[in-house]
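Enquirer: dropping a prediction and its sequence here:
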Amino acid sequence: MGQKVNPISLRVAVNKDWRSRWYAPKNAFGDLVGEDLKIRTMVKSRLKDAAVPEITIERNGNRARVTIWTARPGVVIGRKGEEIEKLREELGKLTDKDIYLEIKEVKNPDLNAQLVAENIANQLERRISFRRAMKRALQMAMELGAEGIRIECSGRLGGAELSRREKYLKGSVPLHTLRANVDYGTTEAHTTAGRLGIKVWICTKEETQEEKQNATYA
């Protein structure tokens with residue numbers, strides 16, 4: 001029986017960080033985890049056209065800092081910052097806490113596994129051939145300097161009567177090497193033939209210590 005482990009959680013404390021960073025007082029852990037889920041669900045539903053792959057949450061007392069990573073910061077901020085203010089107010093009502101929003105740009109969407117998976121899902125929903133969508137994603141990632149990319153699609157591919165799984169791999173994706181900088185994303189495509197599952201693994205070059213410090217202080 002296969003033992004599947006999320007590549008990001010496997011690398012926490014090696015070269016990945018937690019997406020929720022806070023300390024829970026006694027008996028409050030479950031409530032705060034549920035609140036994090038509500039925040040992420042609301043942000044993803046409100047900003048479904050803004051290409052949001054990741055949302056990090058930090059807490060301090062009755063305050064929460066929500067960092068939204070997006071490939072389209074203009075869509076999130078809106079005209080004169082109207083959209084971001086509305087979102088901040090809605091999150092404040094939902095959680096009954098002081099919410100601070102921070103927007104960070106994803107510079108290479110074609111090297112972000114979650115965004116690549118969502119892009120493939122959108123193409124499948126528009127009835128584009130799954131092979132064409134997967135091969136294009138492989139080609140774009142390798143052209144932008146990825147060391148390797150692996151894509152899996154499963155379900156009633158192409159509207160077939162029986163569900164199946166198709167895999168494409170290019171380059172090297174060493175899942176057992178903890179030092180390897182492997183990004184992982186998964187989503188579902190809602191098609192007329194049913195739901196299709198998409199998983200994407202992208203291995204990029206490991207950052208040097210100097211590059212990490214520059215990214216931190218940028």
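Expert: Yep, it's here.

Enquirer: what comes up buried for stretch 47-54?
Expert: For stretch 47-54, a neighbour-count test (16 or more other CB atoms under 10 Å) marks 47, 50, 51, 52, 53, 54 as buried. Using the backbone N, CA and C atoms, a C-beta is placed for each residue, glycine as well.

Enquirer: in CSV, list these along with secondary structure.
Expert: Listed next are these as CSV, based on DSSP: H, G, I helix; E, B strand; the rest coil:
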residue, secondary structure
47, coil
50, coil
51, coil
52, coil
53, coil
54, strand
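
Enquirer: could you dump the residues you listed into CSV and include distance to residue 64?
Expert: Output for those, formatted as CSV (distance: CB to CB, whole Å):
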residue, distance to residue 64
47, 17
50, 20
51, 23
52, 17
53, 20
54, 16
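
Enquirer: let me know the average pLDDT across the one helix or strand residue 30 maps to.
Expert: Taking DSSP states H and E as the criterion, residue 30 maps to helix 29-46. With pLDDT averaged residue by residue, helix 29-46 scores 92.

Enquirer: report the distance from that helix to the chain centre.
Expert: Averaging C-alpha positions (CA atoms, centre = their mean, to the nearest Å) puts helix 29-46 15 Å from its chain's average.

Enquirer: got the contact list for it?
Expert: Contacts with helix 29-46, where a contact means CB atoms under 8 Å, 6 or more residues apart in numbering, come from 20, 22, 24, 52, 55, 57, 59, 64, 66, 68, 87, 90-91, 94-95.

Enquirer: and what of stretch 155-173?
Expert: With CB under 8 Å, 6+ apart as the test, stretch 155-173 has contacts from 129-131, 134-135, 138, 141-142, 146-154, 180, 182, 189, 191-197, 201-203.

Enquirer: was I right to think residue 138 contacts residue 149?
Expert: Yes - Residue 138 is within contact range of residue 149, at 5.5 Å (criterion: CB atoms under 8 Å).

Enquirer: those two: which has the busier surroundings?
Expert: residue 149 (28 against 21; other CB atoms under 10 Å).

Enquirer: which residues does residue 112 contact?
Expert: 53, 71, 106, 183, 185, 202.

Enquirer: with residue 71 instead?
Expert: Residue 71 is in contact with 50, 51, 53, 105, 106, 109, 112, 115, counting by CB under 8 Å, 6+ apart.

Enquirer: quick one, grab the pLDDT at the nearest residue to the fifth one once chain neighbours are set aside.
Expert: Okay, so that is residue 106. Closest residue to residue 106 in three dimensions, ignoring its sequence neighbours and counting by CB to CB, 6 or more residues apart in numbering: residue 71, at 4.6 Å. In this model, residue 71 is scored at 92, pLDDT.

Enquirer: returning to that earlier point: among the contacts of helix 29-46, which one has the most neighbours?
Expert: Highest neighbour count within the contacts of helix 29-46: residue 52, with 24 neighbours (other CB under 10 Å).

Enquirer: hmm, that residue is touching residue 66, no?
Expert: No - with contacts counted by CB under 8 Å, residue 52 stays clear of residue 66, the gap being 11.2 Å.

Enquirer: which stretches in the chain count as helices?
Expert: 7-10, 29-46, 73-77, 82-95, 113-125, 130-143, 209-217 (DSSP state H).

Enquirer: what's the angle from the fifth one to helix 130-143?
Expert: Angle of helix 113-125 versus helix 130-143, following axes from the mean of the first three to the mean of the last three CA atoms, to 10 degrees, is 150 degrees.
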